[in-house]
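> the following comprises the amino acid sequence and a computationally predicted model.
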Amino acid sequence: MQGLTWVAPFLGILGLIIAYFIYGYVKRQPNGTPLMQELEGMIHTGAMAFLKKEYFVLVFFIAIVFLLLGFGISWKTAIAFVTGALCSMLAGFSGMTAATRGNSRTAEAANKHGQAKALNISYFSGSVMGLAVASLGLLGLGFWFWFYGGNPDTAQYINCFAMGASSIALFARVGGGIFTKAADVGADLVGKVEAGIPEDDPRNPGVIADNVGDNVGDIAGMGADIFESYVGSVIATIAIAATLSIGTPETLAAYIERFPTLKGLTAEAIKLKYMATPVLIIMAGLLSSIAGVFSIKVFQGGNPAGALRYTTFVAAAIFVALTALIVKSLGMPWGAFWSIFSGLLCVLPSVFWQSTTPQAPRSNGLPVNQRPVLRRSSSPGWPWACNPPIFRSWGYAWLPL
């Protein structure tokens with residue numbers, strides 16, 4: 001099982017191919033009346049213009065950091081930084097393209113074919129971003145692990161892949177977030193307060209900017225943020241494994257005494273086993289995600305919130321099974337599995353609760369001109385803030401096993 005890490009970049013390429021075919025499916029759907037097509041074109045053009053301008057500016061930042069890393073540390077580290085940045089940018093670009101093309105097609109499907117078809121198209125258009133993030137992360141990490149993951153001493157070169165992703169996430173999240181909030185509040189103030197027309201009324205030109213902002217902030221920006229968290233957590237695990245303090249016979253013996261399943265292994269073998277584990281885990285995660293995406297075909301006829309919830313549960317169940325298989329095949333301590341499982345338990349109950357609990361309407365009882373300023377919201381999610389400390393503590397309790 002440990003030797004399967006070389007498959008990681010190829011599995012990432014497979015994920016990108018699947019994302020491309022899903023985008024092709026979405027693109028082939030009818031996109032409505034001429035007015036709908038015109039609005040789609042405006043939103044798509046505005047979103048891509050913002051993204052291209054943002055990336056153009058970021059190229060200079062990337063070039064400067066690349067040279068500093070190359071001359072100051074090593075050119076291998078500098079190249080890893082660039083590949084991380086490029087993968088993050090490509091994930092945002094692909095997700096933005098699919099999302100802006102899927103909006104009018106979802107509306108047309110809802111109008112002509114009903115809820116099931118609309119859910120199908122909207123879900124697949126959004127899944128392009130998710131698969132692009134997971135696949136590009138696996139492609140980049142798998143590539144660098146292929147070259148430098150076979151030796152704990154060379155694993156340091158992988159670290160800057162996460163730094164490149166973090167750099168793009170910083171600018172994309174902040175820049176996109178500022179744009180979307182400014183456009184949202186501006187459109188609401190002009191439309192609701194000054195003109196007295198409903199929200200998202202096509203007579204308000206600011207609505208186009210608002211929709212553009214939603215895409216650049218909540219898709220490209222959040223996608224870059226997720227990509228950074230995704231690769232950062234994996235690389236942090238690899239770095240910890242590569243620097244385990246088991247270099248002396250005494251520390252190695254104490255470590256094996258704590259984890260008897262590792263008995264008979266050298267210090268380097270233990271490090272390599274721990275380094276390979278997160279790569280294998282995200283390979284399992286991508287396969288689980290692909291299965292979860294296509295399971296929407298089974299649930300699309302029911303309640304939309306339920307369909308989204310159940311596809312998440314399908315992916316989680318497959319992921320748990322594959323993770324258990326990986327841990328058992330590697331001969332790892334089972335604490336690694338229980339730690340991952342407890343992380344899922346932090347999330348899945350809140351997913352169920354949030355998708356089944358009715359939400360109180362925003363701005364109830366407020367005059368129209370106050371709604372952009374005062375927004376009433378419910379707090380059904382607050383009780384689930386206790387999930388992480390409870391389940392993570394439970395997971396930590398299993399670590400010595």
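Yep, it's here.
> so what does the helix or strand containing residue 174 touch, helix or strand wise?
Using DSSP states H and E, residue 174 sits within helix 159-188. For helix 159-188, the packing partners by 3 or more CB pairs under 8 Å, 6 or more residues apart in numbering; DSSP states H and E come out as helix 34-72, helix 75-112, helix 115-148, helix 206-215, helix 222-242. Using the backbone N, CA and C atoms, a C-beta is placed for each residue, glycine as well.
> determine how far the second one lies from the middle of the whole chain.
Centroid displacement of helix 75-112 relative to its chain, using CA atoms, centre = their mean, to the nearest Å, is 11 Å.
> ditto for the shortest one
Mean-position distance between helix 206-215 and its chain equals 22 Å (CA atoms, centre = their mean).
> ditto for the first one
Remark: helix 34-72 is offset 19 Å from the chain centroid, using CA atoms, centre = their mean.
> coming back round to it: report the mean confidence score over the helix holding residue 174.
Helix 159-188 shows a mean pLDDT of 82.
> check which residues of it are buried.
Going by neighbour count (16 or more other CB atoms under 10 Å), the buried part of helix 159-188 is 159-169, 171-173, 175-177, 179-180, 183-184, 187-188.
> looking at the helices and strands packed on helix 159-188, which is closest to residue 1?
helix 115-148 (14.8 Å; CB to CB).
> show me what the closest one is packed against.
Counting contacts by 3+ CB pairs under 8 Å, 6+ apart, helix 115-148 packs against helix 8-28, helix 75-112, helix 159-188, helix 222-242, helix 267-294, helix 296-299, helix 304-330.
> so that helix versus helix 267-294, what angle?
160 degrees (axes from the mean of the first three to the mean of the last three CA atoms, to 10 degrees).
> helix 115-148 to helix 8-28, inter-axis angle?
Using the same axes, to 10 degrees: helix 115-148 against helix 8-28 is 150 degrees.
> next one: helix 115-148 to chain centre, how far?
That offset, for helix 115-148, works out to 8 Å (CA atoms, centre = their mean).
> low pLDDT regions in this protein?
Applying pLDDT under 70 to the chain flags the ranges 348-401.
> centroid-nearest residue for it?
residue 226 (3.8 Å; CA atoms, centre = their mean).
> nearest residue to it in space, please, no chain neighbours.
Leaving out its chain neighbours, the residue that sits closest to residue 226 by CB to CB, 6 or more residues apart in numbering is residue 133, at 5.6 Å.
> burial measure for the one you found, as a count.
Around residue 133 there are 30 other residues, counting by other CB atoms under 10 Å.
> is it true that it touches residue 89?
No - using CB atoms under 8 Å, residue 133 makes no contact with residue 89, being 11.9 Å away.
> got a list of what the residue lying closest to residue 209 once chain neighbours are set aside touches?
Leaving aside its sequence neighbours, residue 209 sits nearest to residue 183 (CB to CB, 6+ apart; 4.1 Å). Residues in contact with residue 183 (CB atoms under 8 Å, 6 or more residues apart in numbering) are 206, 209, 210, 212, 213.
> what about the second one, neighbour count?
Right, the one you point to is residue 209. Neighbour count for residue 209, taken as other CB under 10 Å: 21.
> now the fourth one
Here the neighbour count serves as a burial measure; for residue 212 (other CB under 10 Å) it reads 24.
> what does the last one give?
Using other CB under 10 Å, residue 213 has 27 other residues around it.
> rewinding a little: check the offset of the helix holding residue 174 from the chain's centre.
Distance of helix 159-188 from its chain centroid, counting by CA atoms, centre = their mean, is 14 Å.
> now that helix and helix 75-112, what's the angle there?
Interaxial angle, helix 159-188 versus helix 75-112 (the same axes, to 10 degrees): 40 degrees.
> follow-up on the earlier one: would you reformat the contacts of residue 183 as CSV and include distance to residue 61?
Output for the contacts of residue 183, formatted as CSV (distance: CB to CB, whole Å):
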residue, distance to residue 61
206, 30
209, 26
210, 28
212, 23
213, 22
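> pick the one among the residues you listed closest to residue 268.
Of the contacts of residue 183, the one sitting nearest to residue 268 (CB to CB) turns out to be residue 213, at 50.7 Å.
> check the secondary structure at residue 336 for me.
With DSSP: H, G, I helix; E, B strand; the rest coil as the basis, residue 336 sits in helix.
> for it, which non-adjacent residue is spatially closest?
That would be residue 327: by CB to CB, 6+ apart, it lies 5.5 Å from residue 336.
> got a list of what that neighbour touches?
277, 334, 336, 337.
> about what we covered before: which one of the helices and strands packed on helix 159-188 lies nearest to residue 304?
Taking CB to CB, helix 115-148 is the member of the helices and strands packed on helix 159-188 nearest to residue 304, at 5.2 Å.
> buried sites along that closest one?
Residues of helix 115-148 classed as buried: 116-145, 148 (neighbour count, 16+ other CB under 10 Å).
> and stretch 4-20, how far from the chain's centre?
The answer for stretch 4-20 is 16 Å, by CA atoms, centre = their mean.
> which parts of that stretch are buried?
Using 16+ other CB under 10 Å as the test for burial, stretch 4-20 gives 5, 7, 8, 9, 11, 12, 14, 15, 16, 18, 19.
> picking that back up, where's the residue nearest to the centre of the chain relative to residue 130, distance?
Counting by CB to CB, to the nearest Å, the separation of residue 226 from residue 130 is 8 Å.
> find residues that contact each of these two.
With CB under 8 Å, 6+ apart as the test, residue 226 and residue 130 reach no residue in common.
> Serialize the helices and strands packed on helix 115-148 to TSV and add fields for distance to residue 194.
Formatted as TSV, these follow (distance: least, CB to CB, whole Å):
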stretch	distance to residue 194
helix 8-28	37
helix 75-112	26
helix 159-188	10
helix 222-242	30
helix 267-294	43
helix 296-299	41
helix 304-330	34
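> for residue 35, find the nearest of those.
Residue 35 lies closest to helix 75-112 among these, at 9.7 Å (CB to CB).
> tell me what the closest one is packed against?
On a contact count with 3+ CB pairs under 8 Å, 6+ apart, helix 75-112 meets helix 8-28, helix 34-72, helix 115-148, helix 159-188, helix 206-215, helix 222-242.
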